[in-house]
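# Just need the structure, nothing else, for what follows:
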Amino acid sequence: MDFNVEEIDFEEFKCPAYYDGCSPCSGAFIVNRLNIKTGERKKVANLNDCGNAFIYQSKDHIFIITNEYYNHLCISIFDNELEPVGFIKDYGNVLNQYSLDEYDGTIRVVSTINRNDVKNCLSVYSIDTLERIGYLDECLGLERQTVRSVRFDKDICYVCTYATSDPLYEISLVDKCNPYIVSQYASPGYSSYLHPFEINGKSYLLGYGFVDGGGARKISVYEKTNNGTVQIGNDVVINGGTLSL
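Numbers count the residues shown, from 1 in each chain. Next up, the predicted model:
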């Protein structure tokens, strides 16, 4: 969708300001582009509810993700010249900037719709049309579980949900229009941060988070196998500065 108001010169920011017309406007993100060789500077403002927004930047685009009230999500998109591309509006809220990713001509977003029931969703949008081309909302989290961490790694998305246990979901995005769950691995507690890495050509995932009850932190290591992603060994628990296995 295009920004539904014309560019305005907002004197307070002394730069062009853009508004998607749907986010509560309580402030603005100001994005600066600086040429380190010439010192030339360009900046734009995106008017939104900045207290509930995150920024994700890819090689080609800047995404300003606004969690609106009543489970509404708005993503404002600018190119690397700070020219407005448009915005995407959908249901749900995102956890943080790791919940969005741009890859191979698509935008991938993991969100949670929390109304009478909780529904976690993975949406795939075309970067050219900004229309949704793929969607997954079945079996992504057990009853009342919300998203606690997300990590995209090329054609794979890892999602961790939590209420009383920690299913780590491996989701295939090889078919952009039909994402599907490859595997799920459950363990106590949950990971609040996920980081993929490789050793000798093998793919692994580091999880950092909390044990049940949130009283101690834990570190988990997972391996991507032909049968899905599974944990290697036991959690390393950090309790009061003491490590235990």
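# Pull the number of nearby residues for Asp101.
21 (other Cβ atoms under 10 Å). Bear in mind the C-beta positions are built from the backbone N, C-alpha and C, glycine included.
# How about Asn227?
Neighbours around Asn227, by other Cβ under 10 Å: 8.
# thought it was touching Gln184?
No. Using Cβ atoms under 8 Å as the test, Asn227 is too far from Gln184 to be in contact (11.8 Å).
# ok, Arg33 to Val159 distance?
32 Å (Cβ to Cβ, to the nearest Å).
# quick one, which of these two is more surrounded?
Val159 (26 against 14).
# what bridges to Asn93?
Thr112 (DSSP bridges).
# Ok, Val236 next?
Ile219.
# isn't it right up against Ala216?
No. Counting by Cβ under 8 Å, Val236 does not reach Ala216; the two are 10.5 Å apart.
# And for Gly233, nearest residue in space, chain neighbours not counted?
Distances taken as Cβ to Cβ, 6 or more residues apart in numbering place Val221 nearest to Gly233, at 6.8 Å, with adjacent residues excluded.
# Next, the contact list for the one you found, please.
With contact taken as Cβ atoms under 8 Å, 6 or more residues apart in numbering, Val221 is in contact with Tyr204, Leu205, Leu206, Gly207, Gln231, Ile232, Gly233.
# Give me the phi and psi for the last one.
It refers to Gly233. phi 70, psi -160 (degrees, to the nearest 10).
# okay, now the closest residue in space to Gly92 that isn't next to it in sequence: neighbour count?
Excluding the flanking residues, the one nearest Gly92 by Cβ to Cβ, 6+ apart is Ser111, at 3.2 Å. Using other Cβ under 10 Å, Ser111 has 25 neighbouring residues.
# For Ser111, which residues are in contact?
Under the criterion of Cβ under 8 Å, 6+ apart, the contact list for Ser111 reads Leu73, Asp90, Tyr91, Gly92, Asn93, Val94, Ser99, Asn120, Cys121, Ser123, Val147.
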